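1. Need the 3D shape of this:
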Amino acid sequence: MSFESDPGHGHSTAAWTAVTIMLLAFTIGTVAFFFDLAWLVWASAGLLLVGAIVGWVMAKVGYGVGGSRFAPESH
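-> This is a model prediction of the structure:
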C-alpha cells in the first residue's frame, strides 16, 4: 500500500475546526432536545450546518490537507 496518496484522514486545521463546531452543535442540540427547547434544537441544527461550511471554506483557503497553509505533523 502506497502512503503517498494518503489524504491525511482529516488531520488538518479545517477538519478539526469543523468537527469541533459540529460536535458542540450536536451536544447543544441533544441537551436542548432533552429539555424540550425546540428553538434551540433548530438553532443547533443551523450551527451544525455552519460547522460544515466553515470546514469547507477553511479547506478552500488552504487549511485543509494538502493546502498551502497545511503543516503536516510527522508521527
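2. Not counting its own residues, what contacts the host helix or strand of Ala15?
-> Taking DSSP states H and E as the definition, Ala15 sits inside helix 13-34. Applying CB atoms under 8 Å, 6 or more residues apart in numbering, the set of residues contacting helix 13-34 from outside is 10, 38, 40-41, 43-45, 47-48, 50-52, 54-56, 58-59, 63-65, 67, 69-70. C-betas here are computed from N, CA, C, even on glycine.
3. rerun that using 7 Å as the cut-off
-> 40-41, 44-45, 47-48, 50-52, 54-55, 58-59, 63-64 (CB atoms under 7 Å, 6 or more residues apart in numbering).
4. Same check on stretch 44-55?
-> So stretch 44-55 is contacted by Ala14, Ala15, Thr17, Ala18, Ile21, Met22, Ala25, Phe26, Ile28, Gly29, Ala32 (CB under 7 Å, 6+ apart).
5. Apply 10 Å and report the result again.
-> 10, 12-33, 37, 63-64 (CB atoms under 10 Å, 6 or more residues apart in numbering).
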